[in-house]
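A.B. asks: Give me the fold of what follows.
(4 chains)
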4 protein chains.
Amino acid sequence: MPADLTSHFLLIRCPDERGLIHSITGVLFGHGLNIVRNDEFVERQDNYFFMRTEFAGEFESETLLQELRAALPAAAEIRLADNRRKNIVLLVTKEHHCLSELLVRHAFGELNAHIMAVISNYEVLGDLTRQFGVPFHCISHEGKTREAHETEISALLDQYQPEFVVLAKYMRILSAEFVAPYANRLVNIHHSFLPAFVGASPYAQAYERGVKIIGATAHFVNEQLDQGPIIGQSIIPIDHTHSASEMAQAGRDVEKIVLARALRLIFTERVFVHRNKTIIFD
Amino acid sequence: MPADLTSHFLLIRCPDERGLIHSITGVLFGHGLNIVRNDEFVERQDNYFFMRTEFAGEFESETLLQELRAALPAAAEIRLADNRRKNIVLLVTKEHHCLSELLVRHAFGELNAHIMAVISNYEVLGDLTRQFGVPFHCISHEGKTREAHETEISALLDQYQPEFVVLAKYMRILSAEFVAPYANRLVNIHHSFLPAFVGASPYAQAYERGVKIIGATAHFVNEQLDQGPIIGQSIIPIDHTHSASEMAQAGRDVEKIVLARALRLIFTERVFVHRNKTIIFD
Amino acid sequence: MPADLTSHFLLIRCPDERGLIHSITGVLFGHGLNIVRNDEFVERQDNYFFMRTEFAGEFESETLLQELRAALPAAAEIRLADNRRKNIVLLVTKEHHCLSELLVRHAFGELNAHIMAVISNYEVLGDLTRQFGVPFHCISHEGKTREAHETEISALLDQYQPEFVVLAKYMRILSAEFVAPYANRLVNIHHSFLPAFVGASPYAQAYERGVKIIGATAHFVNEQLDQGPIIGQSIIPIDHTHSASEMAQAGRDVEKIVLARALRLIFTERVFVHRNKTIIFD
Amino acid sequence: MPADLTSHFLLIRCPDERGLIHSITGVLFGHGLNIVRNDEFVERQDNYFFMRTEFAGEFESETLLQELRAALPAAAEIRLADNRRKNIVLLVTKEHHCLSELLVRHAFGELNAHIMAVISNYEVLGDLTRQFGVPFHCISHEGKTREAHETEISALLDQYQPEFVVLAKYMRILSAEFVAPYANRLVNIHHSFLPAFVGASPYAQAYERGVKIIGATAHFVNEQLDQGPIIGQSIIPIDHTHSASEMAQAGRDVEKIVLARALRLIFTERVFVHRNKTIIFD
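C.D. replies: Sure thing, here's the model as predicted:
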């Protein structure tokens, strides 16, 4: 049956040992389930096993999980998931391109997610957001400490309880305290090809260095600025005729597509995070 | 253990049914074998299953094959392979770039193949070939019918019994009769992005059409010119300043790399051919 | 001064002869004008000269043109242009991605054009269009001959008098009669890497051929389907896991960016058309 | 006439002012010379003008230069060049791929340069070099201070007096003293996408960071490691299945092509260096 009608995913990570694939597929087979697509990988540095199985059929979740736990090592992490749209909140600042890309995809059912709200430290993108029928909250940073500002945002996020928070060109640095509860659930788009040009003004930095390629990187955010696990990157060639602002113009196309693709990968359960890197079954 | 020390591959193709992965991995597990890397795919158009398993351990081939046949449907095709270098013969005409790419990789042990000989319809590339210690045979086409010329080449190939024949910018059209014994064993590099610009002078055609991208395609050769299963393609952007010969210059870099990568995929048992297309586990 | 503040462009095409650059720059210098950026090219096949000059300063158009005509061969075509936004009309069918890309850029002043209206043969994209404050006209094709349908569209276009008509995934074939008045003013985005997969269902064709790369092409429309001068192309790699519909999904990102970039090139006077090809000063 | 038959280039750099193109083209026109191709650019940060003119015709160099100097500001740097092959020396260590790429192109007249010699700190690449008829010098670094080793190499280079020195995967760090006499004449290929992963083991660094793209950068060497003006860069996508050594394998194809292309640009007089960046008229 077509993969896009599959509604179930089994995601397993486990210290590697002989017989894992056999055990897991045995449990699925025993439940009368049909594997639509299977991908697995063993990370050789520390012999860690990862498997993503798209499957179809009828089953009772708890029973299936119990049998899998019984068949696998105690250290195995086993998760069932489905095609259900993820609840997400977007954080933005002033630039529209990543936000509009996501709002449009969302409006046409192409995002695999439900945008519960958009939070911004400016009002600038309010009209665009409301135009698409999405709640918009402006929480200005002006006159507040970083801590106070983040506390307000966190409070609002706590009300929404998003599964993922997406920084869609949100331009303020987030503290380790803010980030800590969102391990592997906070996605950022950085406007450079990491690890080149971390931090502020990457296009100005790129212009100064005289690179012939610029890029964008989607990554999970950890406590260290621009150091989290990379999900996807893409580039575009440039030349001496590009000023820093023309680089930024060219780069925006890359940023929004890289972010949208990274979100698709995450929301369709294709991404594992391990040792500050991602394993992606695309 | 590192994938590059694995010496065994199991390659299976089979009409899909429930339980295949479980059965196959069960046989391997039963033999005490360790899976280093596993890739599988089901072609949904006709529900055909493909699996490539890199594994390590001690085993007796015939026993393992018998058990696999017993565990799988009768229509399953099962093949064991290893890291052994493939015996190949190259066919060339006058251009050096693909030939030199392969001769250099071969000289440094990077080709996963043993070049038994180079056959050409001109003497031009003889010195280069002999310089690398590879036998060179010039079989001119002049004054001969296509049939007569091909008969001479086939006779020589029959002496060498290559597992693969590589057309490394061999510029003469091969007849269906010549091609027929080499199904999925005859590789060509075509200097365009197929299916654009089939046949002769693709760069001149590209120049006339005013494309902004040119490319190269490595494919298995079947009886129809440039219609065989595509293994790999790559492109390079061009612009109005490129004459047809400048396009050809830029294209040569792409051609040799595309051919070399395609051969690596084939020689490391990563390529299945199905319905005139390739399934590639890279 | 920064190129983005330049308000004037001089666009010249002319049979090549010695001294053209000297003559043209002499006229500009004589008028006290400052060249911000200059690009020129001679098409060698028929020795045709093309030049694009961004310049700044005060001048009287008719005087400047007269002096240029006097300084250049009689066959020279000389045009003055500026940063003024072009008036355009979009034609669409049901897919939203190219339309939304342009509507968003338009809303944020990034399109270098004024979208006067959107015409569609379905109502589907009406809400999206009106949401962005752009007039939407649904002219259904159902129950009408192609000629009658096109006559209605032409009548509406005649009211708007657009400088450019953009087919943003407009899926009906346009007759030679419809196209004829819009030479080099009618832009289409074709969802393949031309000349591969012309006509209908290019993704289905690409799926059947088993290509490893898909692409999109922006081109001016002439009387022959998909044969007009190519403005820009881009590609994305794919593999055996992509169904035809998944190829289409991946391809849509490419289509909208290719179209947007092509329009930017056209609207900033960077494109010359010659012998069914484009010369682009980017 | 075809650009490839042009034998003369005029390369000018100059503080920008009105009328430069007019003056320069006026001098050429006055000498009865025909411009085959012209490219110019003004660097806006400090208003610096660059022009590269390919021209044909008969002329006396000193007369032409005098007239150009008279027509241009005193600060103008004016240089005449032609298609003559540049004399170069290569420095290598143990890896063959960049060296073999250049030796092969050289053997077939595609390098626009004459390789006078290859110098290495190991004997490993001696056979390959001599096989192509190029003198090979092994100057080991073992048991010597860096200074002493470099002194030996410099002495040998002084005998050859190369116009350019190419570090074709020469893996020892060169001191500021060694580099100083070779401003804009010493080219390196760095196996990363600069400024990412400077210094040693960029593939190991890339593996640790979990990037999804690796690349290579050709640049002129200045006194700061990996900080010199970038000439060209290219990339290749990778994924979680690549070990550091597999990244290196994939990267080698990119390195050799990036280096070869950068050298073609330099040897055909297409590269200006300004403010630690390059202006490239390709």
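A.B. asks: Give me every residue in the stretch 101-250 of chain A lying close to chain D.
C.D. replies: Within the stretch 101-250 of chain A, the positions adjacent to chain D are A:193-197, A:209-213, A:215, A:229-235, A:239-241, A:243 by C-beta under 8 Å from any C-beta of the partner chain. Every residue, glycine included, has its C-beta placed from N, CA and C.
A.B. asks: repeat that with 7 Å
C.D. replies: Proximity of the stretch 101-250 of chain A to chain D, by C-beta under 7 Å from any C-beta of the partner chain, involves residues A:193, A:195-196, A:209-213, A:229-230, A:232-233, A:235, A:239-241, A:243.
A.B. asks: Going by contacts, tell me the helices and strands next to the longest helix anywhere in chain A.
C.D. replies: Determined from DSSP state H, the single longest helix within chain A is helix A:244-267. Packing contacts for helix A:244-267, counted by 3 or more C-beta pairs under 7 Å, 6 or more residues apart in numbering or on different chains; DSSP states H and E, involve helix A:97-107, strand A:186-190, helix A:202-209, strand A:213-220, strand A:230-237, helix C:244-267.
A.B. asks: looking at those, which is closest to B:Arg69?
C.D. replies: helix C:244-267 (34.1 Å; C-beta to C-beta).
A.B. asks: Each with direction, which strands does the next helix or strand along the chain from the closest one pair with?
C.D. replies: Later in the chain than helix C:244-267, the nearest helix or strand by DSSP states H and E is strand C:271-274. For strand C:271-274, the paired strands and their directions (DSSP bridges) read strand C:277-280 (antiparallel).
A.B. asks: Of all the residues in the partner strand, which ones are buried?
C.D. replies: In terms of neighbour count (16 or more other C-beta atoms under 10 Å in any protein chain shown), strand C:277-280 has its buried residues at C:277-280.
A.B. asks: one step back: could you tell me which of the residues of the stretch 101-250 of chain A next to chain D count as buried?
C.D. replies: The neighbour-count test (16+ other C-beta under 10 Å) applied to those identifies A:193, A:195-196, A:209-213, A:229-230, A:232-233, A:235, A:240-241, A:243 as buried.
A.B. asks: Might one say that A:Ile231 is in contact with A:Phe267?
C.D. replies: No. The pair A:Ile231 / A:Phe267 is not scored as a contact, 11.6 Å apart, by C-beta atoms under 7 Å.
A.B. asks: which of those two has more neighbours?
C.D. replies: Remark: of A:Ile231 and A:Phe267, A:Ile231 carries more neighbours, 27 against 19, as counted by other C-beta atoms under 10 Å in any protein chain shown.
A.B. asks: got a list of what the more buried one touches?
C.D. replies: A:218-220, A:262, A:265-266, A:271, A:278 (C-beta atoms under 7 Å, 6 or more residues apart in numbering or on different chains).
A.B. asks: and it, how far is that from A:Thr268?
C.D. replies: Distance of A:Ile231 to A:Thr268, computed by C-beta to C-beta, to the nearest Å: 13 Å.
A.B. asks: Specify the residue ranges that define each domain of chain A.
C.D. replies: Using automatic domain parsing, the domain parsing of chain A gives A:8-82, A:86-280.
A.B. asks: now the last one: mean pLDDT?
C.D. replies: Which is domain A:86-280. Domain A:86-280 shows a mean pLDDT of 97.
A.B. asks: First-to-last residue distance for that domain?
C.D. replies: 18 Å (C-alpha to C-alpha, to the nearest Å).
A.B. asks: Run the chain-centre distance for it.
C.D. replies: Distance, stretch centre to chain centre, for domain A:86-280: 9 Å (C-alpha atoms, centre = their mean, to the nearest Å).
A.B. asks: How many residues are close by A:Glu77?
C.D. replies: 11.
A.B. asks: hang on, it packs against A:Leu10?
C.D. replies: No. Look at A:Glu77 against A:Leu10 with C-beta under 7 Å: they stay out of range, at 11.5 Å.
A.B. asks: does any part of stretch A:53-70 sit near chain C?
C.D. replies: No. Judged by C-beta under 7 Å from any C-beta, stretch A:53-70 stays clear of chain C, getting no closer than 11.3 Å.
A.B. asks: related to what we said a few turns ago, from the buried residues of strand C:277-280, which is closest to chain B?
C.D. replies: C:Lys277 (2.9 Å; C-beta to the nearest C-beta).
A.B. asks: who's in contact with the helix or strand where A:Glu40 lies?
C.D. replies: Here A:Glu40 sits within strand A:34-43, counting by DSSP H and E. For strand A:34-43, contacts defined as C-beta under 7 Å, 6+ apart pick out A:1, A:3, A:6, A:16, A:21, A:25, A:28, A:48-57, A:274, A:279, A:281, B:18, B:21, B:37-38, B:40, B:42, D:240-241.
A.B. asks: List of residues touching stretch A:194-208?
C.D. replies: Against stretch A:194-208 from outside (C-beta under 7 Å, 6+ apart): A:191-192, A:214, A:217, A:219, A:225-226, A:230, A:243-244, A:247-248, A:251, D:193, D:195-196, D:209.
A.B. asks: Buried residues, it. List them.
C.D. replies: A:194-198, A:202-203, A:205-207.
A.B. asks: Out of the residues you listed, which is nearest to D:Met116?
C.D. replies: A:Ala196 (35.7 Å).
A.B. asks: Helix, strand, or coil at that closest one?
C.D. replies: When classified by DSSP: H, G, I helix; E, B strand; the rest coil, A:Ala196 comes out as coil.
A.B. asks: distance of it from D:Phe281?
C.D. replies: From A:Ala196 to D:Phe281 the distance is 26 Å (C-beta to C-beta).
A.B. asks: does A:His219 really touch A:Ile230, like I thought?
C.D. replies: Yes. Taking C-beta under 7 Å as the definition, A:His219 is a contact partner of A:Ile230 at 4.8 Å.
A.B. asks: Quick check: the residue of the stretch 101-250 of chain A nearest chain B.
C.D. replies: For the stretch 101-250 of chain A, C-beta to the nearest C-beta, closest residue to chain B: A:Pro237, 7.7 Å.
A.B. asks: which residues does the closest residue to that residue other than its chain neighbours contact?
C.D. replies: Using C-beta to C-beta, 6 or more residues apart in numbering or on different chains and skipping residues adjacent in sequence, the residue nearest A:Pro237 is A:Ile213, 5.5 Å away. Applying C-beta under 7 Å, 6+ apart, we find A:Ile213 in contact with A:235, A:237-238, D:193, D:233, D:235.
A.B. asks: Repeat that for A:His97.
C.D. replies: A:His97 is in contact with A:252, A:255-256, counting by C-beta under 7 Å, 6+ apart.
A.B. asks: now the residues you listed as CSV including neighbour count?
C.D. replies: As requested, the contacts of A:His97 are exported to CSV (neighbours: other C-beta atoms under 10 Å in any protein chain shown):
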residue, neighbour count
A:Arg252, 20
A:Glu255, 26
A:Lys256, 27
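A.B. asks: State the distance from A:Gln66 to chain B.
C.D. replies: A:Gln66 is 19 Å from chain B, where distance means C-beta to the nearest C-beta, to the nearest Å.
A.B. asks: list the buried ones in the helix or strand hosting that residue?
C.D. replies: Counting by DSSP H and E, the element that carries A:Gln66 is helix A:61-71. For helix A:61-71, burial by neighbour count (16+ other C-beta under 10 Å) applies to A:64-65, A:67-68, A:71.
A.B. asks: After that helix, which helix or strand is next? Please name it.
C.D. replies: Next along from helix A:61-71, by DSSP H and E: strand A:77-82.
A.B. asks: partners of that next one in the sheet?
C.D. replies: For strand A:77-82, pairing defined by DSSP bridges yields strand A:8-15 (antiparallel).
A.B. asks: List the buried residues for the strand it pairs with?
C.D. replies: Here strand A:8-15 shows A:8-14 as buried, counting by 16+ other C-beta under 10 Å.
A.B. asks: what number of residues lie near A:Asn184?
C.D. replies: 16.
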